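Undergrad: here are the coordinates; sequence isn't available:
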């Protein structure tokens, strides 16, 4: 019984670590939205991100690599939220535009990632957390954002990172500029 309890505790702790869940990767190209996804060949790199100065409010540039699939990112959204019961900036960087009602659902305590969109979801505060969609791979703790700032209601930054988890590669290389709405009392 003690052995089973020890194993259960270890599995619970390892479940809190960076871990992907079930992936629904379906490479596709959709000419109606201009979104293109491709299978990466061994050794190829995600598309380079534009410089922060070249982006307008609400824009993102760059891509993510999720288990061999490259997803180009074009849109950036920001909101207020909590992380570890402290104020945090929430960021949503996607391949397709997100409707205002879907953004409202996302920027809640237990927000859901907008259906039909793919990209990254960030929480930046005292700590740092990012999750890939699709794939649900997540990492936390080390803030990899570069040139990150929140000034006059504008959140901007760059991020580059690569993780190899369970034989699957997850990469991100992007820049973003998003408007942070005024905080409601």
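TA: Cool, got the structure. Since the structure is predicted, the reported quantities are computational estimates derived from the model, not experimental observations.

Undergrad: can you map out the strands along this structure?
TA: 29-30, 35-39, 59-66, 69-72, 75-83, 86-94, 119-124, 128-133, 138-140, 145-151, 154-165, 168-179 (DSSP state E).

Undergrad: Just send those strands back as CSV, with mean pLDDT, mean neighbour count and distance to residue 50 too.
TA: All C-beta atoms are positioned from the backbone trio N, CA, C, and that covers glycine. Shown next, in CSV, are the strands of the chain (pLDDT from 0 to 100; neighbours: other CB atoms under 10 Å; distance: least, CB to CB, whole Å):
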stretch, mean pLDDT, mean neighbour count, distance to residue 50
strand 29-30, 33, 10, 22
strand 35-39, 38, 16, 17
strand 59-66, 95, 24, 4
strand 69-72, 94, 22, 12
strand 75-83, 91, 20, 12
strand 86-94, 92, 21, 13
strand 119-124, 94, 23, 16
strand 128-133, 93, 21, 20
strand 138-140, 91, 18, 24
strand 145-151, 92, 13, 13
strand 154-165, 93, 17, 10
strand 168-179, 94, 21, 6
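
Undergrad: Tell me which of these sits nearest to residue 104.
TA: Among those, the nearest to residue 104 by CB to CB is strand 75-83 (9.0 Å).

Undergrad: re the thing from before, now the strands of the chain as CSV including distance to residue 48?
TA: CSV is the format used below for those (distance: least, CB to CB, whole Å):
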stretch, distance to residue 48
strand 29-30, 20
strand 35-39, 15
strand 59-66, 7
strand 69-72, 11
strand 75-83, 17
strand 86-94, 16
strand 119-124, 17
strand 128-133, 19
strand 138-140, 22
strand 145-151, 14
strand 154-165, 10
strand 168-179, 7
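
Undergrad: Compare those strands and give me the one nearest residue 51.
TA: strand 168-179 (6.9 Å).

Undergrad: Which residue, neighbours along the chain excluded, lies closest to the most centrally placed residue in the chain?
TA: Nearest to the mean C-alpha position of the chain, counting by CA atoms, centre = their mean, stands residue 120 at 1.7 Å. Distances taken as CB to CB, 6 or more residues apart in numbering put residue 93 closest to residue 120, at 4.7 Å, once the chain neighbours are dropped.

Undergrad: partners of residue 161 in the sheet?
TA: In this entry, residue 161 is beta-bridged to residue 172, by DSSP bridges.

Undergrad: residues in contact with it?
TA: By CB atoms under 8 Å, 6 or more residues apart in numbering, the residues touching residue 161 are 139, 144, 171-172.

Undergrad: Surely the residue nearest to the centre of the chain touches residue 130?
TA: Yes: using CB atoms under 8 Å, residue 120 is in contact with residue 130, at 5.8 Å.

Undergrad: what residues do the two have in common as contacts?
TA: Contacts common to residue 120 and residue 130, judged by CB under 8 Å, 6+ apart, are 159, 172.
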